[in-house]
Every structure is written in structure tokens, then in C-alpha cells.
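Novice: after the sequence you'll find the predicted model.
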Amino acid sequence: MHPRSVLGSPTPSAASRLSDSSRSDGGRSFARTSSSVSEFEIERQVKMSNSAPKRPGLRRHQSEYGTESALRASVSRLLTAKSRPFTVNGCIPMDPASLVLFFRSKSGITHSLDFPINVDYDTPPALEVLIAACKPHPTPGYDVYPDRETLFYPANLPLTATLEIANHPILDAVRNSLFPALPMGHYLTALRDKLEVMVTGSRMAPQPRTFRNDGRVATICVTLPVHYRGGTMIVRDAEGAEEKFFGGGGKPGEVHWTAFLGECEYEVETIQQGCRMSITYAVHLKTYGPAVDPLITPSEHFLDLLSPVLSLSRGRKVAFYLNQDYGVNPSEGLAESLVPHLKGSDSLLYHALKVYKLAPELHWAAGGYVWPIDRTVECGNDLLDSPTSLSMGFPSAFGSPVRSAKSMRGPMSYYIDPEEDDVEMMRIEADSLRMRVVESGAIPLSEAEIFILSDWVPGPMAKERVYFVSNGELEKLIVNVLLVIYVP
């Protein structure tokens, strides 16, 4: 019989871990008294009363049913919108007078456009030149452009604005709101897309995501301080939910912006008066994970030091121990998930191997055993009927302290040599833990044909810890991280 695995027990989902600190059942609130209570879901039978309820109480329940149902429906819609937001908007605190737009017309003359602008009182000549240089925006479903469609500034003409969203924490707000689960090592970049211009009477038809096939994950739309009325911006996600953003050119002292996911479509309703100008930015996701090019490039000196090591290891599978600690639990994730989090010397070595077009892999390892790339570390639990369950600590050869077995010997144990008794107990403990490690999927390094590359005097190694229960006590297994490569 195999020992029961720690990972075999149900674990609370992310939703249950982030749930409220109390539950309500029948109007009674059960407060959480400890952190472990939230990991259990208890279902109790509803006690039925022998006596029939009084009629006034029944009538009161029926009268409150409609209100409670409406409340529950409203809460459900609120939590649904909260759980999967697809838009976010805000304001950039700045003086509109400090914003200047430089552009070059078709004739090759450079113009500058100052803000704020109110075309109802005065239309700057530079704005007329800008509108004349624009092209009609494509409309889905039509072969020609309608007369009063929105315009955009051609991408082949130079355009520069003194407003740089990199100088404002817009990307941080987009990441926190739309990509809260983005792991470390992933970052967002913004590339200016186009300048859109809408005059009185024009509207923008729905722009599907197929018009933006550039790999973007989100779009940022910055509305320039030009006064207008109407022009409500409508954003729809893939499921049809929509958000509306009402603007008018922004309030004094701020510039309005809106961001939405790349899978969304957007449109702008008819401009009733004035002119609406906006700059859109394409937001791209960058990372230095295993599937993309390295973010850093090691020095030539470091690559020269690595070259002979790889040359002498041709046709072999070699491995390096990582040096940094990452504070993760090997029983909850794969070693490969550490790639975006590599730091220091570990990151330098990993990216140096990528320069040589090799395919480095991260594996969990402990006590001469290595886990496959798709396996987590599972130590299992004690078996009460196991002959070795009296003491299942981890011997010092594996990096953990050994418990003394003197307290578990019988009353006649003084006839046994204490040193021999301790050695025998350590051997039993090592064999027991080795059996549990093998049952979790680990194989010896010799069987995996992995050759460890280390210095004459081994340096520090990454040490992660896996908790397991042995003889009713909580212990920790020290697990290292191996960077494994095959050198063809």
C-alpha cells in the first residue's frame, strides 16, 4: 500500500482562500476563529420544527422574499463584474497648457499644436492642417469610408507629443487592475498606436479586435484636452458586457485615459459639438521566460568561461545547483515555475545557456534523487501500521537534523551499544524516507544519467523546504534546485 500523499488531500481554491472571514446560514453569522477554519466547509442539517409556523410570520417571509432576491441578484452582478474587470480608467494630473503636439504635414512642414483647445471659440490653424492630413478610419462591413467617419493621423508621418505615459504610473494601474496575477519577471510596455480625430457629427463604428492583430494584451486611450460634447466611448468584452465612459475633453488640470483588454472592441458615439482627439497606445506583455529571448546578455568574459565547460560535456546531460533561495514550497509548484524569478548568479547562468541555444530545465532534487520536470515533491504521510513509522526523520546526509532514538528504546536497551543503536535508527529513517521519495516519482541521479558540475569546494545551494508529518511530528525536507541541460 502506498502512503497517503500530502498533495492528495483537497486544497482550498483561490476563491476559498480569498473568501470573506465569515459565513452566513439562515441569518446566523459564524465568525472565523482561526486561520484553519476557512479550509473546511461544514454542511449541517436544518432543524425542522414540529409546530407549523404562524401565518403572520409566513406573510412576513413572503413580503421580504422579493427584496432579498433583488439584493442577491444585485450582489451577484456586482461580484461578477468585480471578479473579471476588463476596463480601467483614470486621470493624469497635469496642466493642459504644458501639452504640445508636434507633427509634420504632407508638404514636409512641421507644426505644433498647443492645448487646451475649444473649437467653438477658436480653431487653431495647426488643427486645420492636422485634420487635412488625416485619413478616414476604416469601418467594418463597408468597402468605402463614410463622409463623417472618424479620422486618424497617417502612421508614415512623424508625430510627437510632450505627453509620455512612461512618466506617469498608468502602466502600473493597468497591471494592478487588469493583470493582477501577472508574475514577477513579466512587465508591460506601451507603444504609441495612432492619433484619432473626430469632428462634429462623426462617430466611430465598433472596432473589433481583428483590426489590432499586433499581439497586444491591452489598449490605452488618452483623450487630449479638446472640448467636445457627446462622443461616449463604449467598450465591450468577448462576452458582450459593456462599459461606457463619458468625456468632454477633461477637467482643468487633468487628462483622462481609458484602458481595456486586447480582446475587447470599442466604439465612440456621435460627436454632438466640438472635436474629440485621442492617442491610443498598444500594451504588450514582455517576459524573460523560457519561451522568449533572454532579457539580459551575459558578458563576453563569462561566455568564454562557459564555452570550455560545454565543449568538454558534449553528449552528456549535466547540471548545476542553483545558489539563491526563492522561498517557495516544492510541493505546491514545479521547479520550472522559478524561471521568471531567477536572480543573481542563477539568472546569469540561465541566460548564458540560452545564448548558446541550449534548453535549460529546472528540476527539484534532494539526497541524490531528482524529480521529473513535470512533478512536484511529495513526501506523503506516516503509515501507522508501517514498521518504520516510529521514526521517519531525515538523516544528516540529506540536510536535516536527526532525532535521537534514545527516548524510544525499551527498558532493557542498556544492553545495546548506544552508538550502534543510533546508527541503526538512522539507517531505518533513511530507508523509510528514501522509499517515500521514490514513490513520489523521484529517480536517482545515476539512473537519470545526470552529471553534477560543482567546484572543488561546493558553494551555497538553494534550499527550499517541504513539510511532512513523521511519527506525529512536523518536519521539513530540504530540497535543492538543479539546472539541467543536455549538451549535444
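Specialist: That came through, no problem. Residues are numbered from 1 along each chain as shown.
Novice: measure the residue positioned nearest the centre of the chain to residue 350 for me?
Specialist: Nearest residue to the geometric centre of the chain (C-alpha atoms, centre = their mean): residue 182, 2.2 Å. Between residue 182 and residue 350 the computed distance is 20 Å (C-beta to C-beta, to the nearest Å). C-betas here are computed from N, CA, C, even on glycine.
Novice: gap between stretch 94-111 and the chain center?
Specialist: Taking C-alpha atoms, centre = their mean, to the nearest Å, one finds stretch 94-111 lying 38 Å from the centre of the chain it belongs to.
Novice: where does the chain have low pLDDT?
Specialist: Flagging of the chain using pLDDT under 70 yields the residue ranges 1-63, 81-83, 139-148, 184-185, 249-250, 288-295, 380-421, 471.
Novice: longest strand anywhere in it?
Specialist: Taking DSSP state E as the criterion, the chain has its longest strand at strand 473-487.
Novice: for the nearest residue to residue 95 once chain neighbours are set aside, give me its contacts.
Specialist: Setting aside the residues directly before and after it, residue 95 is nearest to residue 253 in space (C-beta to C-beta, 6 or more residues apart in numbering), at 6.5 Å. By C-beta atoms under 8 Å, 6 or more residues apart in numbering, the contact set of residue 253 is 93, 94, 95, 96.
Novice: change it to 10 Å
Specialist: Residues in contact with residue 253 (C-beta atoms under 10 Å, 6 or more residues apart in numbering) are 91, 92, 93, 94, 95, 96, 225.
Novice: which of the residues you listed count as buried?
Specialist: Buried subset of the contacts of residue 253 (neighbour count, 16 or more other C-beta atoms under 10 Å): 92, 94, 96, 225.
Novice: the closest residue to residue 343 other than its chain neighbours and residue 182, how far apart?
Specialist: Excluding its sequence neighbours, the residue lying closest to residue 343 (C-beta to C-beta, 6+ apart) is residue 324, at 5.5 Å. As defined by C-beta to C-beta, residue 324 lies at a distance of 22 Å from residue 182.
Novice: check residue 189 too.
Specialist: For residue 189, the distance to residue 182 - C-beta to C-beta - is 13 Å.
Novice: got any residues that touch both of the two?
Specialist: Taking C-beta under 10 Å, 6+ apart as the criterion, residue 189 and residue 182 both touch residue 285.
Novice: give me the neighbour count for the residue nearest to residue 343.
Specialist: Around residue 324 there are 16 other residues, counting by other C-beta atoms under 10 Å.
Novice: how about residue 101?
Specialist: For residue 101, the count of nearby residues is 22 (other C-beta under 10 Å).
Novice: show me what contacts the closest residue to residue 313 other than its chain neighbours?
Specialist: The shortest distance from residue 313 to any non-neighbouring residue, by C-beta to C-beta, 6+ apart, is to residue 487 (4.6 Å). Contact analysis of residue 487 by C-beta under 10 Å, 6+ apart lists 309-318, 353, 356, 358.
Novice: show me what residue 487 is bridged to.
Specialist: Judged by DSSP bridges, the bridge partners of residue 487 are residue 316.
Novice: pretty sure residue 299 sits against residue 348.
Specialist: Yes: counting by C-beta atoms under 10 Å, residue 299 touches residue 348, with 9.0 Å between them.
Novice: who's more crowded, these two?
Specialist: Using other C-beta under 10 Å as the criterion, residue 299 and residue 348 rank with residue 348 on top: 16 against 10.
Novice: over to that one. Which of the three states is it?
Specialist: The three-state label given to residue 348 by DSSP: H, G, I helix; E, B strand; the rest coil is helix.
Novice: do I have it right that it meets residue 342?
Specialist: Yes: counting by C-beta under 10 Å, residue 348 touches residue 342, with 8.8 Å between them.
Novice: which stretches in the stretch 251-400 of the chain count as helices?
Specialist: For the stretch 251-400 of the chain, helices defined by DSSP state H, counting those that start in this stretch occupy the ranges 300-311, 344-355.
Novice: same list (these) but as JSON lines, adding distance to residue 199.
Specialist: Shown next, in JSON lines, are those (distance: least, C-beta to C-beta, whole Å):
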{"stretch": "helix 300-311", "distance to residue 199": "57"}
{"stretch": "helix 344-355", "distance to residue 199": "51"}
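Novice: wait, which of these is closest to residue 136?
Specialist: Residue 136 lies closest to helix 344-355 among the helices of the stretch 251-400 of the chain, at 45.8 Å (C-beta to C-beta).
Novice: what's the first helix or strand after whatever helix or strand residue 172 lives in?
Specialist: Residue 172 is part of helix 170-178, with elements assigned from DSSP states H and E. Downstream of helix 170-178, the first helix or strand assigned by DSSP H and E is strand 186-198.
Novice: now the element after that next one, going C-ward?
Specialist: Where DSSP H and E defines the elements, the next helix or strand beyond strand 186-198 is strand 204-207.
Novice: could you export the helix or strand that comes right after that following strand as PDB, CA atoms only?
Specialist: Using DSSP H and E, the helix or strand that directly follows strand 204-207 along the chain is strand 218-223. C-alpha atoms of strand 218-223 as PDB (Å, rounded to 0.1, in the frame of the first residue of the first chain):
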ATOM      1  CA  ALA A 218      -4.500  45.800 -23.800                       C
ATOM      2  CA  THR A 219      -5.100  49.200 -25.300                       C
ATOM      3  CA  ILE A 220      -4.700  52.600 -23.600                       C
ATOM      4  CA  CYS A 221      -6.700  55.600 -25.000                       C
ATOM      5  CA  VAL A 222      -5.600  59.100 -23.800                       C
ATOM      6  CA  THR A 223      -8.200  61.800 -24.500                       C
END
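Novice: by contact count, what packs against the helix or strand that strand 218-223 is followed by?
Specialist: Using DSSP H and E, the helix or strand that follows strand 218-223 towards the C-terminus is strand 228-230. Where contact means 3 or more C-beta pairs under 10 Å, 6 or more residues apart in numbering; DSSP states H and E, strand 228-230 is packed against strand 271-274, strand 276-287.
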